[in-house]
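**Q** Sequence and computational prediction follow.
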Amino acid sequence: MRKVLWLKAENFPPLCNAFPVPPPFADRPRGRAPKWKNALFERHRGQDACYEQLILDTILVIYTARYDVKMVDPAPTSLDRTALTQLKGVGPGLESRLRNLGIHDVQDLLFHLPMRYQDRTRITPIGRARLGMEVLVEGEIASCQIAFGRKRSLVCSVVDSSGVISLRFYHFSAAQKNALQVGLRIRCYGEPRRGRNGLEIYHPEYQFITAVEADVIKEHLTPVYPATEGLQQARLRAIIDQALTRMRRRDSVRELLPAEVRTSLGSMKLADAIEFLHHPPSDVSLEQLLNGRHPAQQRLAVEELLSHRLCMRKIREASDIHLAPAMKAGRDLVRQFITSLPFQLTGAQKAACKQIGADLAIDRPMLRLLQGDVGSGKTVVAAIASLQAIAAEYQVAVMAPTEILAEQHLITFSQWFHPLGIEVGWLSGKLKGKKRDSQLAEIENGTCRIVVGTHALFQKEVAFMKLGLIVIDEQHRFGVHQRMALRDKSGVETRKPHQLVMTATPIPRTLAMTAYADLDCTIINELPPGRTPVKTAVIPEERRGEIIEAIKNACADGSQAYWVCPLIEESEALQCQAAEVTAQTLTGQLPGIRVGLIHGRMKPAQKTDVMMRFKQGEIQLLVATTVIEVGVDVPNASVMVIENAERLGLAQLHQLRGRVGRGAVASHCMLVYKGPLSQTGKKRLAVMRNSNDGFYIAEQDLEIRGPGQVLGTQQTGLMTFRVADIARDADLLEDVRKHSELIRRDHPELVEPLIDRWLGDREHYANV
Ligand code: ADP
Ligand code: MG
């Protein structure tokens, strides 16, 4: 039986009526037939039909050969698309504020889940309120006056039979002051802090209580939602409650998981799960809820993970039907390059090159992830792929997430390619004026055959003449949509460029499966020979003296060292300041040693200068913030000191440590911590001490940390989930994979609504 494939009618406007496909194409055999494709091109050549039409035709013909194609108009169903303005009190102003939260319709409100809860179901006697615990207290106002301290504030003391507590308002109105009259009963909610005279609550939420209302108390936990400027919790709660009422009344949140998926998960009904999460009963296990392991959360997490995976698969499928340039030539150029290298490729590198070479040679867009531990030599593999594209007269774009890393690549690629007569272009956000214009012109007219840069490469004004390959380093910093944006710049409308994505972030297999469901994967599982494994020591900061000695010795032997001051302050400015202070102190403590400093707030030219001087050995000790985390390659550096190591993720520590151990001399990494260490802290640093294997470390990280961010994608918004946590819910992923295949096969009509529900406002992911 042939599979049914549903396509969105709106994406194929001119052709919906043209079924069945004309006879010469309709019964073409399976697989790719160049003859048939040529016929298609011929058919369009004579007419002035646009390329778009040609692509759509091609897509449809390929599809009809494999599937029964049906067109769907995604009809709005019940709540799914109900406009927000249908709710009481929601006007255009509020609607736009809700949009900032990613809420576009009533269904989105239901899926806007609390990030935490408050327990307002019980009144705590004032005398039993404690620091750091949020409480609901009730009592009589005993006094209310303005206090003149460093800052003027309104202080109101409230008493019950067990004690007294103060409410403090730094922002208050005269009306508010007048309302808080001595003798009135008040109920307030907040977290007590230590004040001058006992406990105080700053800016509590409060309400006055009359005798009649005295025993009206919430039965459920009170949700706290992610909110936005100009939208208060109370307002948001009221709006979401309206959505819930509609859901109950019409019972109309659409169940999208097929019955067989639901039963095999033993999970609850969607409406019940939603209801529960917005208003959990007061006897629920808060711990389970906050850890995201409640069945209601798991029910939603499964659905969310499913929709992500379906979206990725869809991206992949959409990509597969595009054509890419078949880049066959290049053997000679590649051979010439390989013989010019000062080293032999490792077996793993050769295998990776072979696989990538084969991908590039056919006309299906490559989407390949090249995973390899830090220092495994991915760059040279990318260079070889680039040469194959250049030899076939296509352009190459190499993109890195930071300026420093991009510059490193520029240097490396230039050194390698200059002898071959290939000049490497450069584009970053900081490149301005004439230089920028001429670089853009060279990219557009094709004189520039390979360009290295940052995300500046996918800005609007960049247009390639004939882009054939995109290389992206350190994938986790870029989103899927960014990759796709670059791909659309190919300049050759009928062909999409190939993509090679490189990452050193070792990801456990289960996670990789979900995070990179749209990519094929190649792993370099071998380090170049002659490397001495890095010896790692875990050292309390009190033993700084020893560390200084170690640096002295290393520098005396002609080696170089890094000293990393990672983020301990929230702000980048403070972090950089900390690095400056450290550099000064170390300069004093290490007379005769040339200390350099690099951090994120320096001008790009300054950064380049410092990196060059370090590379050339002029700087012996480089004090840095985590800007050096990725990709920096100075083989002569053999000592790495990482301060505040207990605060960093294992993946990040591993990345940092990967900066040393690149030469033949034995390297040392010192993880400096501020004690005392927690049990988990000890375990984690022990993992670092005992292993140099990125994959092992990643798996241990996942195990020790449990809930957490192994992928490190949270900051970038690459894979943000509302309910699911890809590390915490790792145990669901295998099922999710199975179920997503089942849905794709047996319930394709559910794919779009699922993606729409969870990734609706990120649709551009899918429309590639
Ligand atoms: P990563 O995979 O972390 O990006 P790089 O590509 O930066 O690693 O390579 C790390 C270092 O190893 C570079 O100095 C590179 O020139 C060197 N290198 C790469 N391949 C080999 C090899 N087969 N033998 C020896 N050294 C190699
Ligand atoms: Mg690298």
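**A** Here it is on my side, so go on. Residues are numbered from 1 along each chain as shown. Ligands and ions are numbered 1, 2, ... in the order given.
**Q** Tell me if the helix or strand encompassing Val451 is near ligand 1.
**A** Val451 is located in strand 450-453, with elements delineated by DSSP states H and E. No: shown here: strand 450-453 not in contact with ligand 1 (C-beta under 6 Å from any ligand atom), separated by at least 13.9 Å. No exception for glycine: its C-beta is placed from N, CA and C like everyone else's.
**Q** Check which helices and strands that strand sits against.
**A** Helices and strands touching strand 450-453, by 3 or more C-beta pairs under 8 Å, 6 or more residues apart in numbering; DSSP states H and E, are strand 395-399, helix 403-417, strand 424-427.
**Q** does ligand 1 sit close to the following helix or strand past that strand?
**A** Remark: after strand 450-453, the chain's next helix or strand is strand 467-473, criterion DSSP H and E. No: judged by C-beta under 6 Å from any ligand atom, strand 467-473 makes no contact with ligand 1; its nearest approach is 7.2 Å.
**Q** pLDDT averaged over strand 467-473 - what is it?
**A** Across strand 467-473, pLDDT averages out at 91.
**Q** List the neighbouring strands of it plus their orientation.
**A** Using DSSP bridges, strand 467-473 pairs in its sheet with strand 395-399 (parallel), strand 498-503 (parallel).
**Q** possible to save these as TSV with distance to ligand 1 and mean pLDDT?
**A** Below are the strands paired with strand 467-473 laid out as TSV (distance: least, C-beta to the nearest ligand atom, whole Å; pLDDT from 0 to 100):
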stretch	distance to ligand 1	mean pLDDT
strand 395-399	12	94
strand 498-503	7	88
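**Q** Lowest average confidence across the helices and strands packed on strand 450-453, which one?
**A** With a mean of 88, helix 403-417 has the lowest mean pLDDT of these.
**Q** mind listing what the closest residue to Glu303 other than its chain neighbours touches?
**A** Setting aside the residues directly before and after it, Glu303 is nearest to Leu257 in space (C-beta to C-beta, 6 or more residues apart in numbering), at 6.1 Å. Applying C-beta atoms under 8 Å, 6 or more residues apart in numbering, we find Leu257 in contact with Leu270, Val302, Glu303, Leu306, His739, Leu750.
**Q** Inside helices: which ones of those?
**A** Those of those mapping onto helices are Leu270, Val302, Glu303, Leu306, His739, per DSSP state H.
**Q** pLDDT averaged over the strand holding Val451 - what is it?
**A** The model assigns strand 450-453 a mean pLDDT of 96.
**Q** got a pLDDT number for Phe19?
**A** Residue-level confidence at Phe19 comes out at 34, pLDDT.
**Q** Show me which residues of stretch 740-751 are buried.
**A** Residues Ser740, Ile743, Arg744, His747, Pro748, Leu750, Val751 are the ones in stretch 740-751 that count as buried (16 or more other C-beta atoms under 10 Å).
**Q** Also stretch 262-275?
**A** For stretch 262-275, burial by neighbour count (16+ other C-beta under 10 Å) applies to Arg262, Leu265, Ser267, Met268, Leu270, Ala271, Ala273, Ile274, Glu275.
**Q** Give me every residue in this protein lying close to ligand 1.
**A** By the criterion of C-beta under 6 Å from any ligand atom, the positions of the chain lying close to ligand 1 are 343-346, 349, 372, 374-380, 504, 528, 631, 633, 635, 662.
**Q** out of these, which are buried?
**A** Buried members of these, counted by 16+ other C-beta under 10 Å: 345-346, 349, 372, 374-380, 504, 528, 631, 633, 662.
**Q** wait, which of those residues is closest to Ala579?
**A** Gly631 (19.1 Å; C-beta to C-beta).
**Q** give me every residue that touches the residue of the stretch 601-750 of the chain found nearest ligand 1.
**A** With C-beta to the nearest ligand atom, the shortest gap between the stretch 601-750 of the chain and ligand 1 falls at Asp633, namely 4.5 Å. When contacts are counted by C-beta under 8 Å, 6+ apart, Asp633 touches Gln408, Thr412, Arg659, Arg662.
**Q** so which of those is the most crowded?
**A** Arg659 (25 neighbours; other C-beta atoms under 10 Å).
**Q** Using PDB, list the CA coordinates for stretch 354-361.
**A** Taking Å, rounded to 0.1, in the frame of the first residue of the first chain, the C-alpha atoms of stretch 354-361 are listed here in PDB:
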ATOM      1  CA  LYS A 354      35.200   9.900   2.200                       C
ATOM      2  CA  GLN A 355      31.600  10.000   3.500                       C
ATOM      3  CA  ILE A 356      31.400  13.700   3.000                       C
ATOM      4  CA  GLY A 357      33.000  13.500  -0.400                       C
ATOM      5  CA  ALA A 358      30.400  11.000  -1.400                       C
ATOM      6  CA  ASP A 359      27.600  13.200  -0.100                       C
ATOM      7  CA  LEU A 360      28.900  16.200  -2.000                       C
ATOM      8  CA  ALA A 361      29.100  14.300  -5.300                       C
END
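**Q** So what's the gap between it and the chain middle?
**A** The gap between where stretch 354-361 is centred and where its chain is centred comes out at 28 Å by C-alpha atoms, centre = their mean, to the nearest Å.
**Q** Enumerate the positions of it that are buried.
**A** Across stretch 354-361, burial judged by 16+ other C-beta under 10 Å covers Gln355, Ile356, Gly357, Asp359, Leu360, Ala361.
**Q** Out of these, which two sit at the greatest distance?
**A** Across the buried residues of stretch 354-361 (C-beta to C-beta), the longest gap, 11.0 Å, separates Gln355 and Ala361.
**Q** after the longest strand along the chain, next one along is what?
**A** In the chain, taking DSSP state E as the definition, the longest strand is strand 135-148. Downstream of strand 135-148, the first helix or strand assigned by DSSP H and E is strand 152-160.
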